[in-house]
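[1] Show me the folded form of this:
(chains A and B)
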Amino acid sequence: MNGFFEAGPAATAATWVGALVTLAVWSYLAGERRLLHVAQLLLAGLATGYLALIAIREVLIPQLIEPLLSDPGAHPDLVIDLVLVGILALAPWLPRRIVAVPAAAIVGGTAAYALGGAVTGTLLPQLAAGIVTADSGPGGAVSGIVGLALTVPVLVVFLHGVPRGRALAGVAGIGRWVLLGGLGAWLGFLIVSRLAILVERVGFLLGDWLGVIR
Amino acid sequence: MSEARRGVGRGRRLPRGILPLALIAALAIAWLVPQLPFLSLGGGAESTLGDDLHVAIGSLPDQPNVIVDMDPDLGTYPEIRYATRAALADLMAVGSRVAVVSFSTEGRAIAVAEIARLRAAGAGPDRLVDLGFRSGGEAALVQLTGQPLDRDVSGATSPVLDQLQERGGGLGAFDLALVVGGGDMGPRSWIEQVEPRVPHLPVAAITPTFLLPQVQPYREAGQLVALAGTLPEAVAYGASVAGGGATSGPERVPEQPPNALAILVGMLVALAVLLESGMSGLVGGLRGASRGRRG
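    Numbering: from 1, shown residues only, chains lettered A, B, ... in the order given. All right, here's what the predicted structure looks like:
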């Protein structure tokens, strides 16, 4: 069912490991915490090891070390990169002011990309899509009014540091309920999502492991 | 709280874990029961639920170049695995040249497994190229928009990349970007970082259900050309791809759809738990109010 392995010893071993780890996690439901803890440690260890492996094999060696070793003069930018990587790797032993330089570059760069993208990719196109045009008909007009009536109170909820009169407080109260309704709906989606995963796991145990279903 | 009331609460309490274990047992029984023909997640043969992605892929030009961003997370991938594999089979069936890239380590792990599966099913280097893992999140995505894609993850060229070079080499050489999301990197990142820079590249997405509130507005605004964001859509889409009849090779959808009866049973249990907790809260509140009036 998982389809990652054709029949053979590798498939059998992978299925058994998957089934046993699944049962170890589920053992928590029967009050057994040690097996869950072992499974958690296994996941954390494997994830960290895999991250290190990927970083070394697919990033550091091909994109930094190999170009520098082959022709150092042609890549002055990579020398700077190497220094910054070195500073981050030695962060616990270096003065905070030195470590702050690559850390600030990471945080600043990430924030700049996120903010710029949010404005040009989401905010402006979504505002444009929300504008009701003359040819959108009565359905579009109603939809626009409902959208406006729901959006404005929610935005008012986040109006901090401004004195609120009775009317504004009332609108903010409506906004809080709309917000709660939205969170409830999202929780519903989340339940369906998690349920699908649980159903898949049960199917994996019955099909791949026990061979009861096909 | 009085001793008597606490005693009643203890007396009514079920043994620890019995409800989740009962849920798992109910789901197992639902898996074992033969499928009911009227109970279909995908909405049956007349349904148009899964058409979105099928039409988007079906309307691509001959032998299209498609970049697949595999960035689901390990925890939610089982939910979208069926739709993802259906989409990969669909792309292979229309003769696509597929390049796979990842921006998260979890996505990379899944991508490696799916690439190995497709290779084992017969997808050669002329159809499938592994662009590997790109570190840096959204910054790496931006870098990808301006970078010629002339080497695969091992540093080698491939027929797919050669063909891309003939069309310019960068992201603009692709006819479609299919984003398999679920973690931090997903359709939102592509829409925010790639669409403003490569506006003619259509973006389609496969996401878990819980991301629907985030991605649905993009689909309605036309920023996503197709979306499979719910289980019924995924099942309907998988059924329409499987309906193509491929029984072997990378064009075959390699697994069965999720069990509809098990999903239904699970949802009924979830509903019962919500109702029970809501009703007990309501009853407790009414009792408290009644005591307050008497006291």
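[2] Quick check: residues of the stretch 101-250 of chain B near chain A?
    Within the stretch 101-250 of chain B, the positions adjacent to chain A are B:105-106, B:108-109, B:113, B:116-117, B:120, B:132-133, B:135, B:137-139, B:142, B:153, B:155, B:188-189, B:191-193, B:195-196, B:208-210, B:212-213, B:217, B:220-223, B:230-231 by C-beta under 8 Å from any C-beta of the partner chain. Where you see a C-beta, it was placed from the backbone N, CA and C, and this is true even at glycine.
[3] Okay, and which of those residues map to helices?
    The helices, defined by DSSP state H, take in B:105-106, B:108-109, B:113, B:116-117, B:120, B:138-139, B:142, B:188-189, B:212-213, B:217, B:220, B:231 from those.
[4] which regions of chain B sit below the pLDDT cut-off?
    Within chain B, the ranges that satisfy pLDDT under 70 run B:1-14, B:16, B:37-40, B:42-47, B:294-295.
[5] how's it carved up into domains?
    Here the domain assignment for chain B is B:17-33+B:260-294, B:41-244, based on automatic domain parsing.
[6] burial measure for A:Val83, as a count.
    Neighbours of A:Val83 under the rule other C-beta atoms under 10 Å in any protein chain shown: 12.
[7] pLDDT on the strand or helix carrying it, on average?
    Counting by DSSP states H and E, the element that carries A:Val83 is helix A:76-89. The pLDDT scores in helix A:76-89 average 90.
[8] CA-only coordinates of that helix in CSV, if you can.
    Extracted C-alpha coordinates of helix A:76-89, given in CSV (Å, rounded to 0.1, in the frame of the first residue of the first chain):
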residue,chain,number,x,y,z
PRO,A,76,35.2,35.1,-3.9
ASP,A,77,31.5,35.2,-2.8
LEU,A,78,31.8,31.6,-1.6
VAL,A,79,34.8,32.6,0.7
ILE,A,80,32.5,35.0,2.4
ASP,A,81,29.8,32.3,2.6
LEU,A,82,32.4,29.9,4.2
VAL,A,83,33.3,32.5,6.8
LEU,A,84,29.7,33.1,7.6
VAL,A,85,29.0,29.3,7.9
GLY,A,86,32.1,29.0,10.1
ILE,A,87,30.8,31.8,12.4
LEU,A,88,27.4,30.1,12.7
ALA,A,89,29.0,26.7,13.4
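[9] Show me what counts as buried in it.
    A:Leu78, A:Asp81, A:Leu82, A:Ile87 (16 or more other C-beta atoms under 10 Å in any protein chain shown).
[10] need the helices for the chain, in chain order.
    Defaulting to chain A. A:9-26, A:33-54, A:66-70, A:76-89, A:96-117, A:124-130, A:137-157, A:166-204.
[11] looking at chain B here, not the other one
    For chain B, the helices defined by DSSP H occupy B:3-12, B:18-32, B:51-58, B:77-93, B:105-121, B:138-145, B:159-166, B:187-189, B:212-220, B:231-242, B:260-294.
[12] quick one: which of those helices is nearest A:Glu66?
    Closest to A:Glu66 of these, according to C-beta to C-beta: helix B:138-145, at 18.1 Å.
[13] re earlier: want to throw the helices of chain A into a markdown table with distance to chain B?
    Output for the helices of chain A, formatted as a markdown table (distance: least, C-beta to the nearest C-beta, whole Å):
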| stretch | distance to chain B |
| --- | --- |
| helix A:9-26 | 7 |
| helix A:33-54 | 5 |
| helix A:66-70 | 9 |
| helix A:76-89 | 11 |
| helix A:96-117 | 3 |
| helix A:124-130 | 3 |
| helix A:137-157 | 10 |
| helix A:166-204 | 4 |
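[14] how much space between B:Leu32 and chain A?
    7 Å (C-beta to the nearest C-beta, to the nearest Å).
[15] What residues does that residue make contact with?
    Residues near B:Leu32 by C-beta atoms under 8 Å, 6 or more residues apart in numbering or on different chains: A:Leu206, A:Val212, A:Ile213.
[16] ranking those by neighbours, who comes first?
    Ranked by the number of neighbours (other C-beta under 10 Å), the contacts of B:Leu32 place A:Leu206 first, at 19 neighbours.
[17] which residues touch that residue?
    By C-beta under 8 Å, 6+ apart, A:Leu206 lies in contact with A:Val212, A:Ile213, B:Ala28, B:Trp31, B:Leu32.
[18] any idea how far B:Arg117 is from the second one?
    Translated: A:Ile213. For A:Ile213, the distance to B:Arg117 equals 21 Å [C-beta to C-beta, to the nearest Å].
[19] before we move on, back to that, contacts made by the helix holding A:Val83 with the rest, please.
    A:Leu60, A:Leu64, A:Pro67, A:Leu68, A:Pro72, A:Leu94, A:Ile98, A:Val99, A:Val101, A:Pro102, A:Ala103, A:Ala105.
[20] Phi and psi next, for the nearest residue to the third one once chain neighbours are set aside.
    In other words, A:Pro67. Distances taken as C-beta to C-beta, 6 or more residues apart in numbering or on different chains place A:His75 nearest to A:Pro67, at 5.1 Å, with adjacent residues excluded. Here is the backbone geometry of A:His75 (degrees, to the nearest 10): phi -130, psi 60.
[21] and what of B:Ala123?
    Main-chain dihedrals, B:Ala123, degrees, to the nearest 10: phi -80, psi 110.
[22] my read: it touches B:Pro250, true?
    Yes: judged on C-beta atoms under 8 Å, B:Ala123 makes contact with B:Pro250 at a distance of 4.2 Å.
[23] ok, those two, which is more surrounded?
    B:Pro250 (23 against 19).
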